[in-house]
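Colleague: Provided below for reference: sequence and predicted model.
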Amino acid sequence: MEENIFNTIRHEYKIENCIIEKRNDSTDGNVYTIFDNQNKFIAKIYKQEEHTKSMINLHLFLIKNGFIVPNIVKNINGDYYCNIENNYIVVYTFINGEQYGPKFENIENIEYKNNIVRKLAIQLRKLHEITRDNNFNLKEIEIHNSKKRE
């Protein structure tokens, strides 16, 4: 699979002289980082075409609604994805930054930390509002809450 990803990136996306690394920290093992001489990209492999289209539509919808998300790189045919070994690859631009995690948790400036959490909550609320109708045919995950309010 990885050799086909490399060939697809080079031929279908014209990203030459690249190095591709599998992201071992991805949940499903389907994410790759692509480095060329000047840029960094993320490639994600999806198993189902309809799900791929739904994810692309959701991504474009988020961009249209002002969310800061990576752009999807079109291939040489102007499409947002390619077929690869009965799977589908989508290539995204890379946004430099840091993920939420232990480094964030160790920030001692409470006001700064609360400001970040407030901004995240506002964006999460906005995301919930614009996607609540699930017009993207994404699988809904039932959430069980064992804690009861008293």
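Modeller: Everything's here; your move. Residues are numbered from 1 along each chain as shown.
Colleague: For this protein, which residues score under the pLDDT cut-off?
Modeller: Where the chain drops to pLDDT under 70, the residues are 98-107, 134, 137-150.
Colleague: Can you show me the helices along this structure?
Modeller: 2-12, 49-64, 102-105, 110-131 (DSSP state H).
Colleague: I figured residue 92 was touching residue 73, is that so?
Modeller: Yes. Counting by Cβ atoms under 8 Å, residue 92 does reach residue 73; the two are 6.7 Å apart. Heads up, the C-betas are built off the backbone N, CA and C, glycines and all.
Colleague: Now do the shared contacts for those two.
Modeller: Common neighbours of residue 92 and residue 73 are listed as residue 41 (criterion: Cβ atoms under 8 Å, 6 or more residues apart in numbering).
Colleague: so what's residue 84 up against?
Modeller: Here residue 84 is in contact with 1, 4, 5, 8, 45 (Cβ under 8 Å, 6+ apart).
Colleague: Count the residues that sit near the last one.
Modeller: So that's residue 45. 20 (other Cβ atoms under 10 Å).
Colleague: Identify the residues contacting it.
Modeller: Residue 45 touches 1, 5, 30, 31, 32, 84, 87, 88, 89, counting by Cβ under 8 Å, 6+ apart.
Colleague: residues near the last one, how many?
Modeller: If I follow you right, that is residue 89. Close neighbours of residue 89, defined as other Cβ under 10 Å, add up to 23.
Colleague: And it, how far from residue 123?
Modeller: Residue 89 sits at a distance of 27 Å from residue 123 (criterion: Cβ to Cβ, to the nearest Å).
Colleague: ditto for the fourth one
Modeller: When Cβ to Cβ is the yardstick, residue 31 and residue 123 sit 22 Å from each other.
Colleague: more crowded one of those two?
Modeller: Counted by other Cβ under 10 Å, residue 31 and residue 123 do not tie: residue 31 has more neighbours, with 17 against 13.
Colleague: Now do that one against residue 126, distance only.
Modeller: In terms of Cβ to Cβ, residue 31 sits 25 Å off from residue 126.
Colleague: now swap in residue 118 and tell me
Modeller: 13 Å.
Colleague: Can you pick out the residue with more neighbours from these two?
Modeller: residue 126 (14 against 10).
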